[in-house]
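S.K.: Kindly return the folded structure for what I paste below:
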Amino acid sequence: HWAWWAFPADMCGNSEPPPKTKLSSPAAAAELLARGPVADWRKALELICELSEARGQLVLPAADHGRVASFIPFWEGLEFTPAWLGIVLRRLEALLPPRA
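M.R.: This next block holds a predicted model:
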């Protein structure tokens, strides 16, 4: 699994090896955008969207769908989320299976 690093949010991954990671605050998310490998992260997220859209469903294992589902509202709730990430969030949301 690597979804906890590709889809950072305010919760640790269930299967994440120690030390567990999360964005503990909006400030931590801002720091990620300011200092993280954002260009590579963007490419990875957009590739996941492209492959998933071509397939008609998320290409991620079902075990990671919950991670994506928590990633979306976390980043949607931040006032400084970049426009490109907002587009990715909408694309991912459209690919999530309906909740029962």
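
S.K.: Roughly how far does the residue lying closest to residue 5 once chain neighbours are set aside sit from residue 83?
M.R.: Spatial nearest neighbour of residue 5, excluding adjacent residues (C-beta to C-beta, 6 or more residues apart in numbering): residue 21 at 7.2 Å. In short, each C-beta sits where N, CA and C put it, glycine included. According to C-beta to C-beta, to the nearest Å, residue 21 and residue 83 sit 25 Å apart.

S.K.: between those two, which one's more packed in?
M.R.: Taking neighbours as other C-beta atoms under 10 Å, residue 21 and residue 83 compare with residue 21 leading, 14 against 7.

S.K.: Skipping its backbone neighbours, what lies nearest the most centrally placed residue in the chain in space?
M.R.: The centroid of the chain falls nearest to residue 7 when counting by C-alpha atoms, centre = their mean (2.7 Å). Once flanking residues are discounted, residue 7 sits nearest to residue 71: 3.8 Å by C-beta to C-beta, 6+ apart.

S.K.: got it, and residue 4?
M.R.: Counting by C-beta to C-beta, 6+ apart, residue 13 is the residue found nearest to residue 4 once chain neighbours are left out, at 3.1 Å.

S.K.: Not counting its own residues, what contacts the lowest-mean-pLDDT helix or strand in the chain?
M.R.: Least confident helix or strand of the chain, by mean pLDDT, DSSP states H and E, is helix 3-6 with a mean of 89. For helix 3-6, contacts defined as C-beta atoms under 8 Å, 6 or more residues apart in numbering pick out 12-13, 15-16, 21, 41, 44-45, 48, 60, 64, 67-68.

S.K.: Which helix or strand lies directly C-terminal to it?
M.R.: The C-terminal neighbour of helix 3-6 among helices and strands, as given by DSSP states H and E, is helix 26-35.

S.K.: Run through the neighbouring helices and strands of the helix or strand following that next one.
M.R.: Note on helix 26-35: by DSSP H and E, the next helix or strand toward the C-terminus is helix 38-55. Other elements packing on helix 38-55 under the criterion 3 or more C-beta pairs under 8 Å, 6 or more residues apart in numbering; DSSP states H and E are helix 3-6, helix 83-95.

S.K.: I appreciate the help and will end here.
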